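Q: sequence and computational prediction follow.
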Amino acid sequence: MKALYDVPAPAKLNLFLHVTGRRDDGYHMLQSVFMLIDWCDTLHFERRSDGQVLRQDLSVKLPADDLITRAARLLQKHTGCTEGVAIAIEKRIPAQAGMGGGSSDAASCLLALNRLWDLKLSLPTLEQLGLQLGADVPFFLRGHNAWVEGVGEQITPVALPPARFCVIKPSAGLETAQIFRDPLLNRATNPATISDFAADHYGFGHNDLQPVAEVLCPEVAQALRCMSNAGMNGKMTGSGSAVFSLCHGPSQSNLVQVPEHWLVQECSNLEVHPLVGWASSDN
């Protein structure tokens, strides 16, 4: 195999995000449901024989040592593979949005290069590698909508009904570490259960990071007001500045009025990741 083109890397939305405690090592204990959506980056891979890892940005300019190149080099180091790759990326998922774009790119890179370089690594092995790149990477590797607990390492697949969502991404972004450092962050939400969530998939819970985020980034609060003005009940996703709402009609997202240079996108959720099955689940 010499090339793999049009490899998708879908974004996710956090249907809720509860902070239930904090460990002695400083890591926060979380509960959330991660839902895959059809807002995707697209990656293209061409095999090289010289061991070099090259990346071409076809849209947004990325940092030189981003998660994509780090994923490729990690695979080389872990396996001793002497092959190289030229990677081109069409970046559509916005950064600092709370939508997991970088982690999803890394996961799709691991899956694609495992095939391109004929490494035959199992999914559990790829997950162990992915965890070195970011806490959300194993979720994208597994490829199922999931109930996520602990510090993000406990992943349980959940089934979600098909739905449409409106997503607003303001111009400003948010850094995860800044929110989790904030002394005003609520870290004591009572733990919930999957059955609690199953009773009201798209109305359950809240995002504990949202009140802090609205102070740190007023555009988050402004985006939520834009949704409210369009008759939607918005919620922040993850630890970024994007907000989302369930769409109750085919044209509801068209009613959203936002400032210039903001992004508004209507998305569908995905039943599974497009690359499910690209790595064996056997250890």
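A: All right, it came through fine. Since this is a predicted model, take the numbers as computed values, not measurements. Numbering: from 1, shown residues only.
Q: how about the nearest residue to the one residue sitting closest to the centre of the chain, chain neighbours excluded?
A: Nearest to the geometric centre of the chain sits Gly100, at 2.1 Å (Cα atoms, centre = their mean). Leaving aside its chain neighbours, Gly100 sits nearest to Lys12 (4.5 Å; criterion: Cβ to Cβ, 6 or more residues apart in numbering). Every residue, glycine included, has its C-beta placed from N, CA and C.
Q: tell me the buried residues in whichever strand or helix holds Thr69?
A: Thr69 belongs to helix 67-79 when assigned by DSSP states H and E. Buried residues in helix 67-79, counting neighbours by 16 or more other Cβ atoms under 10 Å, are found at 67-72, 74-76, 79.
Q: pLDDT for those residues - can I get that in TSV?
A: Listed next are the buried residues of helix 67-79 as TSV, based on pLDDT from 0 to 100:
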residue	pLDDT
Leu67	96
Ile68	97
Thr69	97
Arg70	98
Ala71	98
Ala72	98
Leu74	98
Leu75	98
Gln76	98
Thr79	97
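Q: tell me the one among those nearest to Leu209.
A: Within the buried residues of helix 67-79, the smallest distance to Leu209 is 21.4 Å, found for Leu67 (Cβ to Cβ).
Q: show me where the stretch 51-200 of the chain has its strands.
A: Here the stretch 51-200 of the chain has its strands, by DSSP state E, counting those that start in this stretch, at 53-57, 84-90, 146-150, 154-157, 164-169.
Q: that older thread, what's the spacing between the residue nearest to the centre of the chain and Leu119?
A: Using Cβ to Cβ, to the nearest Å, one gets 24 Å for the distance from Gly100 to Leu119.
Q: just Phe244 next, same as before
A: 36 Å.
Q: neighbour count winner among those two?
A: Higher neighbour count among Phe244 and Leu119: Phe244, with 26 against 18, using other Cβ atoms under 10 Å.
Q: just to check, the more buried one is in contact with Lys169?
A: No: the pair Phe244 / Lys169 is not scored as a contact, 9.6 Å apart, by Cβ atoms under 8 Å.
Q: checking my notes, Gly21 in a helix, right?
A: No: Gly21 is assigned strand when assessed by DSSP: H, G, I helix; E, B strand; the rest coil, not a helix.
Q: quick thing: my sequence starts at 16, can you match it?
A: Got it, first residue is 16 now, which makes that one Gly36.
Q: so it touches Arg202, yeah?
A: Yes: at 6.3 Å, Gly36 counts as touching Arg202 under the criterion of Cβ under 8 Å.
Q: who touches both of these two?
A: His43 (Cβ atoms under 8 Å, 6 or more residues apart in numbering).
Q: surely Ser119 meets Val22?
A: No: judged on Cβ under 8 Å, Ser119 makes no contact with Val22 at a distance of 11.0 Å.
Q: who has more neighbours out of the two?
A: Neighbour totals were compared for Ser119 and Val22, and Ser119 leads with 29 against 23 (other Cβ under 10 Å).
Q: what's the helix or strand for the spatially closest residue to the more buried one that is not a sequence neighbour?
A: Closest residue in space to Ser119, ignoring its immediate chain neighbours: Ala24 at 4.2 Å, by Cβ to Cβ, 6+ apart. Element membership for Ala24, per DSSP H and E: strand 18-37.
Q: any idea how far Phe49 is from His288?
A: Taking Cβ to Cβ, one finds His288 at 11 Å from Phe49.
Q: any regions of this protein where pLDDT drops low?
A: The chain contains residues with pLDDT under 70 at 298.
Q: now do 80
A: 166-168, 264-267, 296-298 (pLDDT under 80).
Q: quick check: Ser296 is in a helix.
A: No: read with three-state DSSP, Ser296 is coil and lies in no helix.
Q: which residues touch it?
A: 137-139.
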